[in-house]
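**Q** Generate coordinates for the sequence data below:
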Amino acid sequence: MKIAIIICDRYKTCAGGKCFKAMQNREGAFDIYSKDEPLEVVGYTSCGGCPGGNIEYTPEEMIKNGVEAIHFATGMVVGYPPCPHIAYFKKFIEEKYKIKVVVGTHPIPQKYFTTHKNLETWQTKEWQDLIKPTLGNKDLRVKYN
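**A** Down below sits the predicted model:
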């Protein structure tokens with residue numbers, strides 16, 4: 001399975017350590033893949049900064065490289081504030097490019113979960129659906145602090 005990761009431009013210098021650890025361990029949003037199924041990252045880029053200029057064209061290049069699914073990095077939902085365009089980006093890519101988009105990579109770290117819970121960031125059904133792949137349980141979230 002070939003995947004790509006799109007990260008928030010705020011974190012463009014991120015080395016991807018938590019994402020790659022979660023991919024290796026099939027944790028967070030990567031738990032949808034069997035541990036017996038090899039995963040290969042064939043694309044890694046940022047959204048291009050608000051309002052997401054790279055979202056319009058980078059999926060095409062990723063698909064040319066064999067991408068079968070695109071993951072939005074967990075940083076897009078845990079940042080302060082979380083990406084206000086993420087639901088639209090997902091809808092746009094899936095409609096235009098006919099490829100699966102998964103919101104999230106590594107599990108949400110507990111420290112971010114606690115802050116966003118206190119801020120009531122993710123109270124709507126839309127946000128609950130968006131964070132579901134990376135929510136995990138408290139022990140797993142603590143492991144990614």
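
**Q** residue boundaries of the helices in this protein?
**A** 17-25, 58-64, 75-78, 86-97, 110-119, 125-135, 138-143 (DSSP state H).

**Q** Quickly compare those helices and say which is most buried.
**A** helix 75-78 (a mean of 24; mean count of other C-beta atoms under 10 Å). All C-beta spots, glycine's among them, are computed from the backbone N, C-alpha and C.

**Q** Let me see the contact set for residue 16.
**A** 5, 7, 44, 73 (C-beta atoms under 8 Å, 6 or more residues apart in numbering).

**Q** who does the first one bridge with?
**A** When you say that, I think you mean residue 5. Applying DSSP bridges to residue 5 gives these bridge partners: residue 44, residue 71.

**Q** I figured it was touching residue 75, is that so?
**A** No. The criterion here is C-beta atoms under 8 Å, and residue 5 misses it with residue 75 at 10.1 Å.

**Q** Number of residues surrounding the residue nearest to residue 27 when sequence neighbours are not counted?
**A** Of all residues not flanking residue 27 in the chain, residue 107 sits nearest, at 5.7 Å (C-beta to C-beta, 6 or more residues apart in numbering). A total of 28 residues lie near residue 107 under the criterion other C-beta atoms under 10 Å.
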